[in-house]
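Q: Here is a sequence together with a model predicted from it:
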Amino acid sequence: TSTRESLYNMNNNSRYGGLHAEAKILIENHQTPLLCFYLDKESNEVKLIADTVSQRKVGESGQFEKLECLLRSTQKEDNKLAFYDDCSLGHGQCNPKGPMFSYDKLPTEILRAIFKYLVPEDLKTLLLVSQTWKSVADEPLLWTGFGLPTKCMKNQKLFEKFFEGSLSSKLQYLELGQFDFKFDDHYFERFMALSLSCIKITTDIDLSNVSNELLATLVNNCKVCSISDAFLVPKKFGALLKVLFKKMCMGTKIKSLKLEQTELTSIPPDVLSEACKNLTSISFDYVEISSDQIKAIFKSLKMDANVLIKIDESDGINTFDIERLDSIFDRLTGFSFYGEPLDGQLRRWMDILDNSCKLKNLELLEVDVRQIPPQLLARVMTKVERLNLSFSEGASPQQLKEVFKRIVKSDSKVKHIELDSMNLRLISPELFAEAVNKLESFYYGSCKVSESQVLEMFRIMSLGTNLKNLGFCNPDLANSLDRMEYIELVDPETLAKAVNNMESLHLDLGAFTDYGPPSLTLAQLVAIMKQLNSKTSLKKIWRWSSSNYRWPYSEDYEIVYI
């Protein structure tokens, strides 16, 4: 019989009428596959609710009588129901009576442990469930990162309406970026009433009608502050930074300060020294600063503070006294250098890091590393957690071999490596494969690799790996697995097991992009999907969502599997 006839022929006058009505909506309106057996206590008959396809499959399986007997015996003995799969006939346990407890009775510690995995959008729903859930979901720590909704940045009326509601009190993160309306002190008074933990200021926002005193006060009430692109409007941001650092001297909640493309030369060294003395983290990304200022900051800065410095000398404009770096290098936790150091300076840096290294992140971009002895380079490169040598002058074969040998040793700390434009073919396939699979992420840009290296890498990976990500370059820029050199030569089953042992995969699923057609074969793609359906560690698959190349890259990608 048809689905409609099946639904209407059932006993709609029984107390299961509500169930029938819901099933009718699911099947007819939403095309939902449905299979439900139940024992009607009034008629003592076993009833079936199913769509046409599921109904036919049950009939073909020949299991209806067994399920009928099972339901009757379960009802008679008031026992737990044994649930059978009509294909495998494997069984587990389920309870037809439903939960025997209320989720409201869970300890608040358990609810808190569950709720911490939810994003603010979901937490907003939990506030409406019950008083118990609301009391837990209201806790500020759960709302970390909750920022102003995008629509409120686009529409002035929605902005004002948002602050009329109670949800605005949950705001923890404020990005003063691209608003479609102009700000003045009136708007900032709304922000002053909040308990913000993080604030980011960029030149996308027009702050000409906002007093520097009010803005500096707001910033000093946050724990984390980021100011970027100040080079573009030096007059406004220069005045703001002067007021900000003076207020920091008088007392501040700021613990982490990040300055990007900012000019600090107008701030007196003693003011910077006093303002930064209680910071636990400071980051200078392409900041223009003098030698005396660097000395003053590091004189007062806590010894255990996290310090990240990025320097761009590639255009010949000196914004940072790199000679001063020698005296502070052993205190850095992150260092990025783009350009060419002074004669002998790179060797001095390597010697300093070899003796005492706090670095977790090291980037040497377009730096000639060939002057560094292989063993010294290898020791330093494996003392950091994250290493980026993109666009650096090609390291020698002996240097690369020493680095990969150190990676496979148990004392290596490096977890993430990004290389580019290097010849890796002279490394033996066995050493290459073992080292790569010791890492958590490996991106090798336009490096030259051999067929045997790729095959051995995936063979080892299929047996077990530490790798979570693999690609041409970091996740924001990466070409997908589809276009990896020699990928089409890897056995489909081996490849399927290998990539399903990772956590994240960039897979364009056969799409033709600006880089040309994919190398991945249909057999390989099918094998990957079959493995994904049986046993996998993958948490995310993402792909290029547009054929048009544009910046930023991240806007061109979409998540296709979680």
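A: Right, received. Where do you want to start? Numbering: from 1, shown residues only.
Q: can we go C-alpha only for contacts and neighbour counts from here?
A: Fine.
Q: Quick check: phi and psi on residue 254?
A: Phi and psi for residue 254, reported as degrees, to the nearest 10, are phi -60, psi 130.
Q: mind listing what it touches?
A: By C-alpha atoms under 8 Å, 6 or more residues apart in numbering, the contact set of residue 254 is 219, 220, 221, 222, 223, 224, 225, 248, 279.
Q: The fifth one and residue 195, how far apart?
A: The reference is to residue 223. Going from residue 223 to residue 195 by C-alpha to C-alpha, to the nearest Å gives 10 Å.
Q: Repeat that for the first one.
A: Counting by C-alpha to C-alpha, the gap between residue 219 and residue 195 amounts to 11 Å.
Q: who's more crowded, those two?
A: residue 219 (26 against 16; other C-alpha atoms under 10 Å).
Q: Quick check, the more buried one in contact with residue 225.
A: Yes - if you go by C-alpha atoms under 8 Å, residue 219 and residue 225 touch, sitting 6.7 Å apart.
Q: intersection of neighbour lists for those two?
A: Counting by C-alpha under 8 Å, 6+ apart, the contacts common to residue 219 and residue 225 are 199, 254.
Q: Strands of the stretch 1-150 of the chain, residue ranges please.
A: Counting by DSSP state E, counting those that start in this stretch, the stretch 1-150 of the chain has strands at residues 35-40, 45-50, 81-84, 91-94.
Q: Quick check: mean pLDDT of the second one?
A: Right, the one you point to is strand 45-50. Regarding strand 45-50, the rounded mean pLDDT is 76.
Q: Please apply the same query to the last one.
A: Per-residue pLDDT values over strand 91-94 give a mean of 38.
Q: One more: the third one?
A: Taken as a whole, strand 81-84 has an average pLDDT of 42.
Q: Buried residues in stretch 254-262, which are they?
A: Going by neighbour count (16 or more other C-alpha atoms under 10 Å), the buried part of stretch 254-262 is 254, 255, 256, 257, 258, 259, 260, 261, 262.
Q: mind checking pLDDT for the first one?
A: Right, the one you point to is residue 254. At residue 254, pLDDT is 93.
Q: The residue nearest to it when sequence neighbours are not counted: what's it in contact with?
A: Excluding the flanking residues, the one nearest residue 254 by C-alpha to C-alpha, 6 or more residues apart in numbering is residue 223, at 4.2 Å. Contact analysis of residue 223 by C-alpha under 8 Å, 6+ apart lists 197, 198, 253, 254, 255, 256.
Q: Repeat the analysis, applying 6 Å as the threshold.
A: Residues counted as contacts of residue 223 (C-alpha atoms under 6 Å, 6 or more residues apart in numbering) are 197, 198, 253, 254, 255.
Q: Export those as CSV, with columns for secondary structure and distance to residue 128.
A: Formatted as CSV, these follow (DSSP: H, G, I helix; E, B strand; the rest coil; distance: C-alpha to C-alpha, whole Å):
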residue, secondary structure, distance to residue 128
197, coil, 25
198, strand, 27
253, coil, 33
254, coil, 34
255, coil, 34
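Q: Any chance of JSON lines for these, columns distance to residue 420?
A: JSON lines is the format used below for the contacts of residue 223 (distance: C-alpha to C-alpha, whole Å):
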{"residue": "197", "distance to residue 420": "38"}
{"residue": "198", "distance to residue 420": "35"}
{"residue": "253", "distance to residue 420": "41"}
{"residue": "254", "distance to residue 420": "37"}
{"residue": "255", "distance to residue 420": "35"}
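Q: from those residues, which is closest to residue 183?
A: Nearest to residue 183, judged by C-alpha to C-alpha, of the contacts of residue 223 is residue 198 at 19.2 Å.
Q: For that closest one, name its beta-bridge partners.
A: Beta-bridge partners recorded for residue 198 (DSSP bridges): residue 173, residue 224.
Q: got a list of what it touches?
A: When contacts are counted by C-alpha under 6 Å, 6+ apart, residue 198 touches 173, 222, 223, 224, 225.
Q: In the chain, where is pLDDT below threshold?
A: 1-32, 41, 71-102, 229-236, 312-324, 342-343, 391-394, 472-479, 509-518, 544-562 (pLDDT under 70).
Q: Quick check: what element follows the helix ranked longest in the chain along the chain?
A: The residue-count maximum for a helix in the chain (DSSP state H) belongs to helix 234-250. Scanning forward in sequence from helix 234-250 by DSSP states H and E, the next helix or strand is strand 256-260.
Q: so whichever helix or strand comes after that following strand versus strand 256-260, what angle?
A: Remark: after strand 256-260, the chain's next helix or strand is helix 269-276, criterion DSSP H and E. Helix 269-276 and strand 256-260 are oriented at 130 degrees to each other (axes from the mean of the first three to the mean of the last three C-alpha atoms, to 10 degrees).
Q: Report the buried residues of helix 269-276.
A: Those would be 269, 271, 272, 273, 274, 275, 276, for helix 269-276 by 16+ other C-alpha under 10 Å.
Q: repeat for stretch 124-137
A: Applying 16+ other C-alpha under 10 Å to stretch 124-137 flags 124, 126, 127, 132, 133, 134, 136, 137 as buried.
Q: on that earlier part again, please save the CA atoms from the longest helix of the chain in PDB.
A: Output in PDB follows, covering the C-alpha atoms of helix 234-250 (Å, rounded to 0.1, in the frame of the first residue of the first chain):
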ATOM      1  CA  PRO A 234      49.100  58.000  12.900                       C
ATOM      2  CA  LYS A 235      47.600  61.200  14.200                       C
ATOM      3  CA  LYS A 236      44.600  59.700  15.900                       C
ATOM      4  CA  PHE A 237      46.200  56.500  17.100                       C
ATOM      5  CA  GLY A 238      49.400  58.300  18.100                       C
ATOM      6  CA  ALA A 239      47.400  60.500  20.500                       C
ATOM      7  CA  LEU A 240      45.400  57.500  21.700                       C
ATOM      8  CA  LEU A 241      48.600  55.500  22.500                       C
ATOM      9  CA  LYS A 242      50.000  58.300  24.500                       C
ATOM     10  CA  VAL A 243      46.900  58.500  26.700                       C
ATOM     11  CA  LEU A 244      46.600  54.700  26.900                       C
ATOM     12  CA  PHE A 245      50.200  54.200  28.200                       C
ATOM     13  CA  LYS A 246      49.800  57.000  30.700                       C
ATOM     14  CA  LYS A 247      46.700  55.400  32.100                       C
ATOM     15  CA  MET A 248      48.400  52.000  32.200                       C
ATOM     16  CA  CYS A 249      51.100  53.600  34.400                       C
ATOM     17  CA  MET A 250      48.400  54.600  36.900                       C
END
